[in-house]
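> predicted model follows, preceded by the sequence.
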Amino acid sequence: MKNNHRFRLDVWGIITLIVLGLYLIFMVYPLGNLIKMAFYGDDGFTLDNFIKFFSKPYYSSTLKNSFTVSFAGTLTSLLVGIPMAYFFAMYKIVGKKLLRILIIISSMSAPFVGAYAWILLLGRNGVITNFIKDIFGITPPEIYGFNGMLLVFTSQLFSLVFLYVAGALNKVDNSLLEASENMGCTGTRRFFKVVMPLIMPTVMAAALLVFIRALSDFGTPMLMGEGYRTFPVILYTEFVGEVSQNKGFASAIAVIAILITTVVFFGQNYVSNRKSFSMNSLHPIEEKPIHGLKSFLIHLFCYSVVFIAMLPQVYVAYCSFRAVSGSIYVEGFSLNSYIQMFDRLGKSVENTIILPLISLVVVLLMAVLIAYLSVRRRNVLTGTVDTLSMVPYIIPGTVVGIALVTSFNREPIALTGTVLIMVVALVIRRLPYTIRSSVAILHQIPITIEEAALSLGSSKMKTFFKITVPMMSSGIIAGAILSWVTMIGELSTAMILYTGRTQTLTVAIYTEIIRGNYGIASAMATVLTILTVISLLVFNKFSKNGEITM
Amino acid sequence: MSQITIKNAVKRYGNNTVISGLNLNIRDGELFTLLGPSGCGKTTLLRMIAGFNSIEGGDFCFNEERINDKDPSKRNIGMVFQNYAIFPHLTVRENVAFGLKNRRLDKATIKAETDKFLKMMQIDQYADRLPENLSGGQQQRVALARALVIKPDVLLMDEPLSNLDAKLRMEMRQAIREIQKEVGITTVYVTHDQEEAMSISDTIAVMKDGEIQHLGSPREIYQRPANIFVATFIGRTNILSAQMKGGKLCFDCGYEEGRQNWQSISDQPVQVSARPEEFVIGKEGQPGIPGTVVDSIYLGLNTHYIVDIGLEQKVELIQESSIEDDIVPGSRIALTVKTEKVNIFDQQGNVNLLRG
């Protein structure tokens, strides 16, 4: 505060150094190690791994596949999410509150559970597939591969676009719409000429998030990709492959993955920086009543989308109560799946609660400290911390997992298989989001309040914990619950890092699906959904306006 | 209680020097105002005294003690901020008691002192409320109580009234003035509102571009401003060019005025600052600056006249309203100046030739 641009070794200086040290040990070193493994074989520097990747279509095709499906998924998510948010902002829609809650729930569910449910519905032996076959005598298009992945990505990721854009539309001043109407620009024309440009920065941010989520998603392509292999799949199979384990090659794939997401990130940054501006609305958009055909179509659209998005969750819950024989559902209902589930759960429910809980505490503490450093104490070092903390935002979870496992599997820091390594992974992956939201909250707190405390004789640490943190708390708690929900649904990193002792619920679900124990998987997935819903209800209690920031 | 001495203060942001070599002496117990347009460095200077801005050069002393390297929390200052900076999660009482608790006083003392200042600022009935339920004026009273209760050596106020509406502003001005005199604390007050500065200050420093243009009492600054900037910034004025010849002030139109104390001014082109109330309206043809009334604005007590005297900038003048409205737009008149009141500056407007 006294001198914002120079490093000083006071309390905050020491905290900067500690945080920087943690990042160097737990992120820079593992990633550096990963890059080293990609380029160094047994006989020194080599490009063999990369040559292998690009020369064999088996591998290089995954690049194209990942890109195609992620890009298509982003596009469809935008096409569904933006109109949805626009209708919600502009019109009175019956049951809007409920729809909103359902959309939030679907945004929070683990994508692979959706993939699994869609297989049950539309797969080779799916309910809807069989139904169509029986009635019409035709076979509907294959759900496996590109189509299914696109469906899963769209039906889950549109909700992120929706939440982002809804937030942005909230900030559009009604007078802007009235002004454009005054000048004869209405309806669709106004949407494209006025509304879209205003929310463009947000749309770009949402697109990036959706793209990276789709690109890094591991569970969906694993379950329904089949011949359509994507990046995270070969990354995983090469790394844990039972036939041939090639860590150097896996590292090379990881490096390529990081490169791609980095390029996408900077591309998006470049485009959206040129159109960024800030808005603050005195008069939010007022929703208007709609009638007739227009009303019918808009309601139809909104309800269909939410129905499709919720269908997997609901169907999985339904399945969990069905009677099962082996891996086939049979007539009738039973609680057997739940009873059997308890034998298989082991410590996974416990782990699913304890691991995220520990991580959450660490994430909150670090996020608040880093946010404070980067807002109030800008200098080269805190700038570095800020940049480092954002790196995991664009690194696929599988890559983080591999980097950690390969770097900490021997002395001096042997962490593989421990609770600590799981916590480290969760913390690293979740920090960027929590830091962003903490930074946003901190920007709204005038610095003079802290100065007032200092001038009244309060020390720096006391000011931080007694004044700054309490003022941030409502926002932090809301963000924390969202972090929590994301962490309990995390699969891609856990798949790499887990051992019998640290297995989480998502890993257990995934394992049961692979083994064909669909009943148990459904029961577990339902437990996961219930945990998610409870967390979201708690979130609503704490969040002032129910606004979700990811 | 202390006096504040600032010697050769320097403030730089990167390569940009905002304040270079500023000297200032603030007397014990006075209400000292830093006045200037935005960006003149007044808030920067205040925050250097408070310790929230770094000091790139010079000495800042409270009495004999140099405070440059003292932590803000150790300087024993009370500060009142433009946005009040009330802690929103603490009650009014907790806000006021915050500084006392940091000083580790015993509970009874804290309670007694807090009560005393809550009462003095007339906010004792809100003691257990959260600040969000208070009006702007009440919040500002909390901020003032909180700053004063710690018995600071110096009270710093950064545009404390600019967020209040006009009526409350007048009320709080009075309240601040009274309490400052009652407590007798050395106070540095920052504002861009010249009327506010005039009404509460013992001494005003008019600042521009990081430099003090004029330091003096409100009366001095208004009546004998140090340069054209101060003359135009404080109150309203008209600037006319003229020539000094043998102790006489000669306007281009031929109108001349002379005065005993002008004799010492050497012959040179000058600029004359005549405030609206420093003109006298005469009949057309009488000695004076000929002009045409363009507009008259009746404001009850006074009437303002806008007069075209053939310059790009029209002249504004003010007279007590008369019963008969005889000077209507279009009237031809002749203007003379009140020689004891007008100020004469050198051609650049940097020096007031009437100030010894």
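That came through fine.
> when you work out contacts or count neighbours from here on, use the C-alpha atoms and nothing else.
Noted.
> so the residue of the stretch 151-300 of chain B found nearest chain A: helix, strand or coil?
Closest residue of the stretch 151-300 of chain B to chain A, C-alpha to the nearest C-alpha: residue B:152 (9.0 Å). Taken by DSSP: H, G, I helix; E, B strand; the rest coil, the conformation at residue B:152 corresponds to coil.
> would you agree it is in contact with residue B:76?
Yes - between residue B:152 and residue B:76 there is a contact under C-alpha atoms under 8 Å: 5.1 Å.
> anything in stretch A:457-467 near chain B?
Yes - Stretch A:457-467 reaches chain B (C-alpha under 8 Å from any C-alpha of the partner chain) through A:457-459, A:467.
> list the buried residues of that stretch.
A:457-460, A:463-464, A:466-467 (16 or more other C-alpha atoms under 10 Å in any protein chain shown).
> and what of stretch B:221-234?
Going by 16+ other C-alpha under 10 Å, stretch B:221-234 has these buried residues: B:221-222, B:224-234.
> so how far is stretch A:51-60 from its chain's centroid?
Stretch A:51-60 has its C-alpha centroid displaced from the chain centroid by 29 Å (C-alpha atoms, centre = their mean, to the nearest Å).
> wait, stretch B:216-223
Computed by C-alpha atoms, centre = their mean, the chain-centroid distance of stretch B:216-223 equals 10 Å.
> how about stretch A:469-482?
19 Å.
> which parts of that stretch are buried?
A:469-472, A:475-482.
> pLDDT-wise, what's the bottom of the residues you listed?
Least confident entry in those, by pLDDT: residue A:478, with 70.
> from the contact counts, what lies against the helix or strand hosting it?
Here residue A:478, judged by DSSP states H and E, is contained in helix A:469-488. The contact analysis (3 or more C-alpha pairs under 8 Å, 6 or more residues apart in numbering or on different chains; DSSP states H and E) places helix A:469-488 against helix A:348-376, helix A:419-443, helix A:518-542.
> of the ones you listed, which approaches chain B most closely?
helix A:348-376 (12.1 Å).
> which ones are touching residue A:415?
The contact partners of residue A:415, taken as C-alpha atoms under 8 Å, 6 or more residues apart in numbering or on different chains, are A:405, A:408-409, A:421.
> filter those residues to the buried ones?
By 16+ other C-alpha under 10 Å, those give A:405, A:408, A:421 as buried.
> got a list of what the first one touches?
Residue A:405 makes contacts with A:415-416, A:496-497, as judged by C-alpha under 8 Å, 6+ apart.
> what subset of those is buried?
Neighbour counting by 16+ other C-alpha under 10 Å classes A:415-416, A:496-497 among the contacts of residue A:405 as buried.
> now distance to residue A:153, pLDDT and secondary structure too, for those, in JSON lines please.
Output for those, formatted as JSON lines (distance: C-alpha to C-alpha, whole Å; pLDDT from 0 to 100; DSSP: H, G, I helix; E, B strand; the rest coil):
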{"residue": "A:415", "distance to residue A:153": "34", "pLDDT": "76", "secondary structure": "coil"}
{"residue": "A:416", "distance to residue A:153": "32", "pLDDT": "75", "secondary structure": "coil"}
{"residue": "A:496", "distance to residue A:153": "22", "pLDDT": "83", "secondary structure": "helix"}
{"residue": "A:497", "distance to residue A:153": "25", "pLDDT": "84", "secondary structure": "helix"}
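> just give me the neighbour total for the closest residue to residue A:49 other than its chain neighbours.
Spatial nearest neighbour of residue A:49, excluding adjacent residues (C-alpha to C-alpha, 6 or more residues apart in numbering or on different chains): residue A:249 at 5.1 Å. Using other C-alpha atoms under 10 Å in any protein chain shown, residue A:249 is surrounded by 22 other residues.
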